[in-house]
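> Quick one, fold the following:
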Amino acid sequence: MTDGSQARVALIMTTLAFGVCFSAWMLYGVLLTFVVSEQLFVFTRSELGWLLGIPVLTGSLFRLPVGVLADRFGGRIVLASLMLLAAVPMYCVSMVDSFWGFVVAGLGFGMAGASFAAGVAYISTWYPPSRIGTALGIFGTGNVGAAATGSLGPLLLKWLTENGSQPEGWRTLPKLYSALLVVMAIVFALT
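This is a model prediction of the structure:
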């Protein structure tokens, strides 16, 4: 592979990884709307606000340490590791049965939102200053992962719960997202 084709592969794979991370990062919006509307969990408005904000907060707070780690160890290893680490608490969402369970799991998988810092560091090493803006603009399209969860998540929940007749089927969705994070981490690391 030429340097140009390697850079394109790195850009494509990093953008996809970023999209998967942002998709996972925004899962709580869809998931909590479902479990509350189906009355599987009863949360106050304040509790629901905290639960929706916790992954966002974690992702925001972890951006600095993830950026530092990416500078030190490289964006590729940090981004792949971040996806693997976020997959564990994402899977644990499927087992929660309380407000505090959702809090802890959200704090854990919220670090997927810090993927932006690792991705920017990684992509920046592949492109010269004259092309870095374009490359980072393309990488930024990974934000579409958040929209994908917002659009496809309700459809998946409808399917997993058999149109609401099996409401506990919601627990499969975080398992699927966890598996997606693991698969993407492996594919990203290998390419």
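> On the three-state scheme, residue 163 is what?
Following DSSP: H, G, I helix; E, B strand; the rest coil, the label given to residue 163 is coil.
> And it, what's its pLDDT?
For residue 163, the model assigns a pLDDT of 92.
> so who does the most centrally placed residue in the chain touch?
Geometric centre of the chain, nearest residue: residue 21, 2.5 Å, by C-alpha atoms, centre = their mean. When contacts are counted by C-beta atoms under 8 Å, 6 or more residues apart in numbering, residue 21 touches 82-83, 86, 112-113, 115, 142, 145, 181. All C-beta spots, glycine's among them, are computed from the backbone N, C-alpha and C.
> 6 Å instead?
112, 115 (C-beta atoms under 6 Å, 6 or more residues apart in numbering).
> Over to residue 108: give its phi and psi.
When read as degrees, to the nearest 10, the backbone of residue 108 gives phi -70, psi -50.
> Report the residue spans of the protein with pLDDT below the cut-off.
Judged by pLDDT under 70, the chain has its weakly predicted residues at 1-2.
> Check which element follows the strand or helix carrying residue 153 along the chain.
Applying DSSP states H and E as the criterion places residue 153 in helix 144-160. Proceeding N to C from helix 144-160, the next assigned helix or strand is helix 172-190, under DSSP H and E.
> Residue 53 and residue 60, how far apart?
Noted for residue 53: a distance of 10 Å to residue 60, by C-beta to C-beta, to the nearest Å.
> pull the longest helix from this protein.
Scanning the chain for the longest helix, with DSSP state H as the assignment, gives helix 45-73.
> hang on, the earlier thing: how far away from the center of its chain is the helix holding residue 153?
Distance, stretch centre to chain centre, for helix 144-160: 13 Å (C-alpha atoms, centre = their mean, to the nearest Å).
> ok, now stretch 77-90?
In this view, stretch 77-90 has its centroid 9 Å away from the chain centroid, taken as C-alpha atoms, centre = their mean.
> which residues touch it?
17, 24, 69-70, 105, 108-109, 111-112, 115, 118-119, 174, 177-178, 181-182, 184-185, 188-189.
> ok, now with 8 Å
Contacts of stretch 77-90 (C-beta under 8 Å, 6+ apart): 14, 17, 20-21, 24, 27, 66, 69-70, 104-112, 114-115, 118-119, 121-122, 174, 177-179, 181-182, 184-186, 188-189.
> List buried residues within these.
14, 17, 20-21, 24, 27, 66, 69-70, 105-106, 108-112, 114-115, 118-119, 121-122, 174, 177-178, 181-182, 184-185, 188-189 (16 or more other C-beta atoms under 10 Å).
> returning to what we had before: would you mind listing the buried residues in the helix holding residue 153?
Result for helix 144-160 [16+ other C-beta under 10 Å]: buried residues 145-146, 149, 153, 156-157, 160.
> Turn these into a markdown table, columns for distance to residue 137.
Formatted as a markdown table, these follow (distance: C-beta to C-beta, whole Å):
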| residue | distance to residue 137 |
| --- | --- |
| 145 | 16 |
| 146 | 17 |
| 149 | 22 |
| 153 | 26 |
| 156 | 29 |
| 157 | 32 |
| 160 | 35 |
